[in-house]
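> 3D, please:
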Amino acid sequence: MEGSKEVLLDGPSPQPDHQKNTRFQVQAVDDNEGQQCLSVPRWTPNIPPSPTGARERTESDASQNPFVDVEEGPNEVKFSDNVKEDAQPLDGPKEPQELRLKVCVFFLAVLIIAGVITIWYFYEEPELEADIGHTYRLFEKTKLFSLENGHGKKILDGRVGAHLPDSVVPYWCGGKNTVCLEWKTFAKIHITSKAMDEVECYRIVWEVYKPTLALEDCFNMLPGHWYGGAEMDQQEWPLERANRTMAPFVSSDLRTEPEGFGSVLDRYFLSSMGVAVIVDDNVPLHVGISSEKLCLKAWYDRSPFPNPNNAQPMLNYSLCVGSDVKAVHKYVVDNILPRVNTTKSVPDTAQMQSPRWATWPYLKSNMNTTTIIDYADNIVNNSLTHSVIEIGDSYSTKYGDFDFDPTKFPDPTGMIGQLKQDQFKVSLWVHPFANYDSRTFVEGLREGHWVNSAKGNAPGIVKWWNGYGTVIDVTSKDARSWFISKIRRLQQDYGCDGAYFDGGEVSYLPAGFVTESEPVVPDEYARLYVSEIAADFGPSTQVSVGYRTQDIPMFVRTTERRSAWDNGRGLKSVVPTVLTMGILGYPFVNPGPVGGSSEEQPDRELYVRWLELAVFLPVVEFSWPPWRFGQDMVQFAQKMLKLREDVVITDIIELARDSLETGEPIIRPLWWLAPKDNIAQVVDSEFLIGNATLVAPILSPSVTTRDIYLPSGYKWKEGLRNGLVYNGGQMLEDYEVQLYEIAYFTRVDTET
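Sure thing, here's the model as predicted:
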């Protein structure tokens, strides 16, 4: 129809079918007076048609709308524009109707608000998860996460983004096999997963937008038990027994910084539930440990981590899941930690077969040609086996100079020649420091070989255990070459065989230190000190620091032990420390001198128990000699060294060679044979030599019995007295071990 328009009129409320919305055509028509009106088909929405098919117009119809002039016609109604300006509004009681309307609106609003509050209160956090074999679930509001195995058992949980405001709701930004949440203007987390043959790894990557935000993720220690991390002053096994407030995860000298982390460390934590946590090298990592939580934080401000470009801290790490603790550890060793090149050889096996003898602390600073020769003669005359004699502190004129003090050592070449005639290899103690009053300091200053202070225009002077000096810049190739040449010349001039490289911890670097090459993390210093300097001196070398240097087969000495019974670097700390270093990938452990490194002669009983333990470890080292305790102690030392020769040494050397192929430790925790044995997971005073020998030393004073746990799945034959065979999976209560005895067992066969 020409000029027609389609209009949709909606009724005021739902109606029966015959009263639904009506579509009709509107057209312009001329009335009798020539005016145009809108002509529409007649519409009667409220009154059903009369029997005649038409509805009579009444006065009430007209009165209902005074603005409309209705004329009857064949099926049409004409609306004219004859609106009267003075038309009166309809009369009627409006106020009661308006009041009822307002009351209805009020109660409707109350119901809506109550409904919103109820929904918010009972709202259950939706899960965002990546599910490939194991299930990682992250709850967006609380930031809680859980990790489950394929059987639905929870193996790890905790909270990510601990410092993100709870009031900010994150946005979903993920995709297939990816969890991604973004807290606008604060941070974003990406979680992806990758499944391998026996292990599945989750990759967690944080981006932070707000400079003042410290990223922190925490893992609940329970229900598992934890291992790895670092040497600590109070060395605990498992790790949840420790208590360490949040601190920069860098190497420290525990003798001066007992609240820090020790000289050997790696960003690797292992749970008995079959979960490994591995943190990226470039993270400015802080770690806090308690009985409840393991927390990781990324933070630059007021920390030793360099940040020259003012970058935002990143907290990136991997969670790897395996069938058990041993399986996931094997994956980490094979694929993540540095591995030894199999073309390299094991460290000097002579130092495993026969003891090292160190002049420190026994001779202290009272060291000269006479005292050293007397020391060596007593070793030989008492028929005590020996490999290396280490000339320690105070042999040089000044700390940092590469020479022998001519007053103390008028003929060092002759002295070393005499030591070699008695079948000693000779090792010298070296360190990265040069005191400011040494000739070496002046020479290095002229050449620019020292680590600079924060301003970068002068060497940084640091306080170390023998005075004040500076440290070699190991990031500089020229400085390394210069430093190595001085040690090499010292060895060649006097006929020395090896060196013990002490120091190298980050705690001895100047605050805000400046080096020629900017390290990714401060412990790059420790890594280069070992890999680029110490490693140049062959298999007789020993170091005291380790970070990402597992690929260098070298003896690593633990931080000096105190001559005490407790686990604060005393006798009880030896087993947990050796186990921890083995898990971190350092199998060639030297636990330090028998009886500890205190300058005062240790207690006799302590010395006996320490010696009993030491003969079952990879290296035996003496400083305080047995003859200081009487001839009976010399005879006991001979007996224990013979036991080592008969029972231990063949296995240790074979295991040392195997470790180059497998990366497995020589000294192993009990759970190595029984990964799911709950008791084996927490025993801290027993250990395995490989998979064949179990050792259970006495580590407390005035004790002659102890409980001994034998791992399940095997039979064990006692080596102490009667050769009885015991089934594994049991605790031998009050097993008798007299003062000059040590309990050990050999594995017989697999239980049927």
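> what about the helix or strand harbouring Y468, distance to the chain center?
For Y468, the host element (DSSP states H and E) is strand 467-471. A distance of 32 Å separates the centroid of the chain from that of strand 467-471, by C-alpha atoms, centre = their mean, to the nearest Å.
> repeat for stretch 268-286
3 Å.
> rewinding a little: as a whole number, average confidence for the helix or strand following the strand holding Y468?
Later in the chain than strand 467-471, the nearest helix or strand by DSSP H and E is helix 477-494. In this model, helix 477-494 has a mean pLDDT of 97.
> With just CA atoms, put helix 477-494 into CSV.
In CSV, the C-alpha atoms belonging to helix 477-494 read as follows (Å, rounded to 0.1, in the frame of the first residue of the first chain):
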residue,chain,number,x,y,z
LYS,A,477,88.3,-12.6,32.2
ASP,A,478,91.4,-10.6,32.7
ALA,A,479,91.0,-10.6,36.5
ARG,A,480,90.4,-14.4,36.5
SER,A,481,93.5,-15.0,34.4
TRP,A,482,95.6,-12.8,36.7
PHE,A,483,94.3,-14.5,39.8
ILE,A,484,94.8,-18.1,38.4
SER,A,485,98.3,-17.2,37.3
LYS,A,486,99.3,-16.2,40.8
ILE,A,487,98.0,-19.5,42.3
ARG,A,488,99.6,-21.5,39.6
ARG,A,489,102.9,-19.9,40.1
LEU,A,490,102.7,-20.5,43.9
GLN,A,491,102.0,-24.2,43.3
GLN,A,492,104.8,-24.6,40.7
ASP,A,493,107.4,-22.7,42.6
TYR,A,494,107.0,-24.9,45.7
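> That helix: how far from the chain's middle?
36 Å.
> which residues are contacting that helix?
Contact with helix 477-494 is made by 402-404, 412-413, 416, 428, 430, 432, 440, 444, 447-450, 472-474, 496-497, 499, 516, 528, 532-533, 536-537, as judged by C-beta atoms under 8 Å, 6 or more residues apart in numbering. C-beta: built from backbone N, CA, C; applies to glycine.
> what's the offset of the helix or strand that comes right after that helix from the middle of its chain?
Next along the chain after helix 477-494, taking DSSP H and E as the criterion, comes strand 498-501. Mean-position distance between strand 498-501 and its chain equals 30 Å (C-alpha atoms, centre = their mean).
> got the contact list for strand 498-501?
348, 388, 390, 392, 425-431, 487, 491, 529-530, 533-534, 537-538, 540-544, 557.
> swap the cut-off to 7 Å and go again
Here strand 498-501 makes contact (C-beta atoms under 7 Å, 6 or more residues apart in numbering) with 388, 390, 425, 427-430, 487, 534, 537-538, 540-543.
> And those, which of them are buried?
Neighbour-count burial (16 or more other C-beta atoms under 10 Å) applied to the contacts of strand 498-501 gives 388, 390, 425, 427-430, 487, 534, 537, 540-543.
> Give the helix, strand or coil label for T397.
Per DSSP: H, G, I helix; E, B strand; the rest coil, the secondary structure class of T397 is coil.
> show me the contacts for it.
Here T397 is in contact with 403, 405 (C-beta under 7 Å, 6+ apart).
> how near is it to W299?
43 Å (C-beta to C-beta, to the nearest Å).
> Tell me which of the contacts of strand 498-501 fall in strands.
Among the contacts of strand 498-501, DSSP state E puts 388, 390, 425, 427-430, 542-543 in strands.
> and those residues as CSV, adding distance to S563 and pLDDT?
CSV is the format used below for those (distance: C-beta to C-beta, whole Å; pLDDT from 0 to 100):
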residue, distance to S563, pLDDT
V388, 22, 97
E390, 19, 97
K425, 27, 96
S427, 23, 97
L428, 25, 97
W429, 20, 97
V430, 25, 97
Q542, 21, 97
V543, 23, 98
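> just those now: which is nearest P238?
Proximity of the ones in strands among the contacts of strand 498-501 to P238 (C-beta to C-beta) peaks at V543, which lies at 26.6 Å.
> beta partners of the closest one?
F501, V556 (DSSP bridges).
> Quick one: residues contacting it.
V543 touches 501, 530, 534, 554, 556, counting by C-beta under 7 Å, 6+ apart.
> ok, the second one - how many residues close by?
Read that as V530. V530 is flanked by 24 other residues according to other C-beta atoms under 10 Å.
> now the first one
As a burial measure, F501 scores 24 neighbours (other C-beta under 10 Å).
> for the chain, what spans make up the helices?
Secondary structure of the chain (DSSP state H): helices at 59-64, 95-121, 325-335, 350-353, 369-381, 412-421, 439-447, 477-494, 524-528, 574-583, 604-614, 631-643, 649-662.
> got the buried residues for the fifth one?
Spelled out, that is helix 369-381. Across helix 369-381, burial judged by 16+ other C-beta under 10 Å covers 369, 372, 375-376, 378-379.
> Going by distance to F305, which of the residues you listed wins?
I372 (42.9 Å).
> surely the closest one meets T359?
Yes. Using C-beta atoms under 7 Å, I372 is in contact with T359, at 6.3 Å.
> Now do the shared contacts for these two.
With C-beta under 7 Å, 6+ apart, I372 and T359 have common neighbours I391.
> And A298, how far from L337?
Taking C-beta to C-beta, one finds A298 at 21 Å from L337.
> Please say which of those two ends up with more neighbours.
A count of neighbours by other C-beta under 10 Å puts A298 above the other of A298 and L337, at 26 against 19.
> mind listing what the more buried one touches?
A298 makes contact with 215, 283-285, 313-315, according to C-beta under 7 Å, 6+ apart.
> now with 8 Å?
206, 208, 214-216, 283-286, 313-315.
> Just the pLDDT for it.
Predicted confidence (pLDDT) for A298: 96.
> Any idea what it is bridged to?
Beta-bridge partners, per DSSP bridges, of A298: L215, L285.
> Surely S476 is in contact with W450?
No. Using C-beta atoms under 8 Å as the test, S476 is too far from W450 to be in contact (9.5 Å).
> Neighbour count: those two, which is higher?
W450 (26 against 20).
> So the more buried one sits against V474, correct?
No. Assessed by C-beta under 8 Å, W450 is found out of contact with V474, at 10.8 Å.
> Report pLDDT for the closest residue to V332 other than its chain neighbours.
Leaving aside its sequence neighbours, V332 sits nearest to A276 (C-beta to C-beta, 6 or more residues apart in numbering; 5.0 Å). For A276, the pLDDT comes out at 97.
> And N341, by the same measure?
70.
> and the residue lying closest to it once chain neighbours are set aside, what does it touch?
Among residues not flanking N341 along the chain, D551 sits closest, at 6.6 Å (C-beta to C-beta, 6+ apart). Applying C-beta under 8 Å, 6+ apart, we find D551 in contact with 338-341.
> mind redoing it with 6 Å?
338-340 (C-beta atoms under 6 Å, 6 or more residues apart in numbering).
> if I look at it, how far off is A637?
From D551 over to A637 (counting by C-beta to C-beta), the distance is 35 Å.
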